[in-house]
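Engineer: coords below, sequence missing:
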């Protein structure tokens, strides 16, 4: 490889992002360039016009942040922790591995990001078997390799597979272990690195996949900025400077308390008011409904949403829209597509979780409505359709949720006098009050039907079927 040289890309969130000639070996591949054509926030651009950013710039941002966190972790390490970074050659290799994992962490995303992820379910078990045949993780708390994969989303599973197959040669040429990169995007360590390197590689994995990882850091900043929602005010440089090691976990220094409080509150606000926005949830569900109907009647070929097509044909958002447009006169989707194209959306009787609680003030009704909306949305649609004579394409049921910080496995740990403690507990930021608002069912109908629908749900009880 020639000496590492750097070029710069101007990013609206991070300013000048450094890109090396080694990075370009990955970035220049067709599969990585495909990320330019994947909307980072699915269909949110129909609600927030500025949300047209892609997985491409997000991946560059994650690599930039990952490098910064790595450098600060090394800088902030002392005593025995500093020793693990003392071998300069090994440290440079670790940094390259982390940077490659950051760049490739979203390489397995499906069209419209999470919106189309479920259409790949049929292949996931087979892909998991192929991954397990090639990769052995250092696991935690007695978990098996299979259990590691069960916890992960389809895009992470597909991404892991793509790294082990499509990027192995490129990574080998860069003297980077593809297995370590794949393990890292799953938040785990490839057992082949050797016992002496378990700890540093576990720290690297946490930089990319943990409660304080750079993936979350970038998408919260980026989505907040690109939507114009202005819900997060965060001193990025201050937060980056406080990443450090405590034992074998990545933590933030106690000096970061003021910034961490903004991060916790900001994340909660972005999820509740942007990702759970009633129109964002609706347009994602509408796109899924259109595609489901085309798939059910065989209009879209059975292999369109396949990993093979994703890899070889680089399936992206434009391919999906093209398939829909080719079939826009199909009676199964005609009204749905016109609703999408003309932005003539159905409406929900409540606009957010707080509104839901205010309008459906009976706790039992809320609980039962949420349960059926999550488990059997089609059944609830049928009930509404039959009771009020509503056409099937004029009612849509779905739900949205998020996990607040302090839930199991998500809490931020900070270093207080040499002990890792909960940031939420230290800051007295109990999430008990917000838990009841983290899930919301949405029922979309024509505006004229809202009073009837609202009355129906204000006394809703589960019926026997």
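Structural biologist: Arrived safely. If you're wondering where the values come from, they're calculated on a predicted model, not measured in any experiment. Residues are numbered from 1 along each chain as shown.
Engineer: Domain ranges for the protein, per the record?
Structural biologist: For the chain, automatic domain parsing gives the domain ranges 6-228, 346-402+438-465.
Engineer: Check the offset of stretch 42-55 from the chain's centre.
Structural biologist: The chain centre lies 15 Å from the centre of stretch 42-55; the measure is C-alpha atoms, centre = their mean, to the nearest Å.
Engineer: what do you get for stretch 311-318?
Structural biologist: 19 Å.
Engineer: just to revisit the earlier point, which of the domains of the chain sits closest to residue 262?
Structural biologist: domain 6-228 (10.6 Å; C-beta to C-beta). No exception for glycine: its C-beta is placed from N, CA and C like everyone else's.
Engineer: start to end distance for the closest one?
Structural biologist: 31 Å (C-alpha to C-alpha, to the nearest Å).
Engineer: Taking the centroid of the protein, which residue is nearest it?
Structural biologist: Nearest to the geometric centre of the chain sits residue 114, at 7.2 Å (C-alpha atoms, centre = their mean).
Engineer: residues contacting it?
Structural biologist: By C-beta atoms under 8 Å, 6 or more residues apart in numbering, residue 114 lies in contact with 42, 153, 155, 284.
Engineer: Which residue ranges of this protein form strands?
Structural biologist: Remark: strands assigned in the chain by DSSP state E are 6-11, 15-20, 137-138, 189-190, 243-246, 249-253, 395-401, 413-416, 419-422, 439-445.
Engineer: and stretch 254-274, how far from the chain's centre?
Structural biologist: That offset, for stretch 254-274, works out to 17 Å (C-alpha atoms, centre = their mean).
Engineer: oh, I was asking about stretch 17-30
Structural biologist: Put simply, stretch 17-30 sits 23 Å off its chain's centre (C-alpha atoms, centre = their mean).
Engineer: Would you mark the buried spots in that stretch?
Structural biologist: Buried residues in stretch 17-30, defined by neighbour count with 16 or more other C-beta atoms under 10 Å: 17, 19-20, 22-23, 25-27.
Engineer: Low-confidence stretches in this structure?
Structural biologist: By pLDDT under 70, the low-scoring segments of the chain are 1-4, 139-141, 408, 460-465.
Engineer: tell me the phi and psi of the residue nearest to residue 334 when sequence neighbours are not counted?
Structural biologist: Spatial nearest neighbour of residue 334, chain neighbours left out: residue 328 (6.8 Å); criterion: C-beta to C-beta, 6 or more residues apart in numbering. Dihedral angles of residue 328 (phi, psi; degrees, to the nearest 10) stand at phi -70, psi -20.
Engineer: The residue nearest to the centre of the chain and residue 288: what is the separation?
Structural biologist: Counting by C-beta to C-beta, to the nearest Å, the gap from residue 114 to residue 288 is 10 Å.
Engineer: Residue 267 is nearest to which of the domains of the chain?
Structural biologist: Per C-beta to C-beta, nearest to residue 267 of the domains of the chain: domain 6-228, 5.7 Å.
Engineer: From the chain's centroid, how far away is the closest one?
Structural biologist: Worked out by C-alpha atoms, centre = their mean, domain 6-228 lies 12 Å from the chain centre.
Engineer: Which stretches in the stretch 201-350 of the chain count as helices?
Structural biologist: Secondary structure of the stretch 201-350 of the chain by DSSP state H, counting those that start in this stretch: the helices cover 214-227, 236-240, 257-270, 278-296, 307-312, 317-326, 334-342.
Engineer: Quick one: the ones you listed as TSV, columns for mean neighbour count and distance to residue 49 too.
Structural biologist: Output for the helices of the stretch 201-350 of the chain, formatted as TSV (neighbours: other C-beta atoms under 10 Å; distance: least, C-beta to C-beta, whole Å):
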stretch	mean neighbour count	distance to residue 49
helix 214-227	22	9
helix 236-240	15	25
helix 257-270	18	17
helix 278-296	20	12
helix 307-312	17	28
helix 317-326	16	16
helix 334-342	16	16
